[in-house]
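K.L.:
okay, sequence plus prediction incoming.
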Amino acid sequence: MLSKFLDPKNDIAFKKIFGTPKNKDILIHFLNDMIVFKGGKPIVEVTFLKTLQDPEAMAKKTSLVDVLCEDQDHNTYIVEMQVAQHQGFEKRAQYYAAKAYTSQMERGGIYENLKEVIFIAIANFTMFPEKAAYKSDHVIFDRENGQHDLKDFSFTFLELTKFTKTKDQLQTMIDKWAYYFKHAEATPEQEIHTIFAHDAIILRAYEELDRFHWPEDDLRAYDAVIKHEMDYQASLDFKFAKGLEKGREEGIEKGREEGIEKRNLEIAKKMLKNGLALSLIGEMTGLDEKRLSDLRAELDAESQAQSKSRS
């Protein structure tokens, strides 16, 4: 049966919900729920900025980040949905944040007026295997005394693979957003108003996923993203399979070479015991003179040890 709700992890759906002026109230609510404002003001307004681009991305007409905006105090927010696992994604997050920070200078700013950059990522894979919590917040502290002096960068990650709460275990708004991202597509319509009875903004986010209210062009773009992700995953699976095959072949070859070497060593030992010249043994076995000299020393040592044990 065709689900009424689309998947918010899809790039097109995610940008439609969180990256358009029409739905900026959803974005503001999400940011306020995700970020721990210790003594700071909550976000009341956002302005969407042009997403960061580099020449290659511009040529492909694709943005480097999903959502880029600033609040009423001109702090910058980068919000990313990351479905496919990319090695070094945490470094990419820092790169995006640094680009957003330096771009303030490009717009005519001065150092004293540089504002905070807050990076938020929803990852559909495990980023930090050693951490049990599905949400982690990263800031810069003084290692010696724990003081938070460098306040202009912070990173928040939601790892959906670690989120295991059921609909009856949702306690915080962060729990509810994680449930939304992970299960929206599979949530029965009749359950939504029960699960999110007091969360009007998440209900709005569900309404934006109603496939029957999407224009045909948007649905085609949505399906194109799914196809691209499937093709990408298929290419990864193919590379993995080829890697396994190559590893197996290399293992067989290594085993064969080790077997030949072991056989040649046994032959060399017998020839050494019979007093044959090293040059002849080397020619017959392919072992170099140093290896044969070491082998003869080993045999002499064994012979001396056996003589002592008999006496």
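P.N.:
Received it, and whenever you're ready, just let me know what you need.
K.L.:
contacting residues around the helix or strand encompassing M105?
P.N.:
Assessed by DSSP states H and E, M105 sits inside helix 89-106. The set of residues external to helix 89-106 that reach it, using CB atoms under 8 Å, 6 or more residues apart in numbering, is 52, 64-65, 68, 76, 78, 80, 82, 86, 111, 113-115, 117, 119, 121, 123, 127, 152-153, 155, 157. (C-beta placed from N, C-alpha, C; glycine too.)
K.L.:
put the buried members of the residues you listed into a ChimeraX selection.
P.N.:
In ChimeraX, a selection of the buried entries from the contacts of helix 89-106 looks like this (16 or more other CB atoms under 10 Å):
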select :52,64,65,68,76,78,80,82,115,117,119,121,123,127,153,155,157
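K.L.:
now, which of the contacts of helix 89-106 lie within strands?
P.N.:
Within the contacts of helix 89-106, residues falling in strands by DSSP state E are L68, T76, I78, E80, Q82, V117, F119, A121, A123, F153, F155, F157.
K.L.:
and the pLDDT at the fourth one?
P.N.:
Per-residue confidence (pLDDT) for E80: 94.
K.L.:
for beta bridges, what are the partners of it?
P.N.:
A121 (DSSP bridges).
K.L.:
look up how far N274 lies from it.
P.N.:
72 Å (CB to CB, to the nearest Å).
K.L.:
same check, this time on G282
P.N.:
15 Å.
K.L.:
neighbour count: those two, which is higher?
P.N.:
Taking other CB atoms under 10 Å, G282 and N274 do not tie; G282 has more neighbours (16 against 8).
K.L.:
excluding covalently adjacent residues, which one is nearest to H213?
P.N.:
Nearest residue to H213, sequence neighbours excluded (CB to CB, 6 or more residues apart in numbering): E207, at 7.6 Å.
K.L.:
one step back: average pLDDT for the helix holding M105?
P.N.:
90.
K.L.:
relative to strand 76-82, how tilted is that helix?
P.N.:
For helix 89-106 against strand 76-82, the angle by axes from the mean of the first three to the mean of the last three CA atoms, to 10 degrees is 150 degrees.
K.L.:
in helix 89-106, which residues are buried?
P.N.:
F89, E90, R92, A93, Y96, A97, K99, A100, Y101, S103, Q104.
K.L.:
any idea which of the ones in strands among the contacts of helix 89-106 is closest to H228?
P.N.:
Closest approach between the ones in strands among the contacts of helix 89-106 and H228, by CB to CB: Q82, at 14.4 Å.
K.L.:
the residue nearest to the closest one when sequence neighbours are not counted and S136, how far apart?
P.N.:
Leaving aside its sequence neighbours, Q82 sits nearest to A123 (CB to CB, 6+ apart; 4.8 Å). A123 sits at a distance of 10 Å from S136 (criterion: CB to CB).
K.L.:
overlap in contacts of the two?
P.N.:
F157, E159.
K.L.:
before we move on, back to that, would you turn the buried residues of helix 89-106 into CSV with distance to L6?
P.N.:
Below are the buried residues of helix 89-106 laid out as CSV (distance: CB to CB, whole Å):
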residue, distance to L6
F89, 24
E90, 28
R92, 26
A93, 26
Y96, 26
A97, 29
K99, 30
A100, 29
Y101, 34
S103, 32
Q104, 35
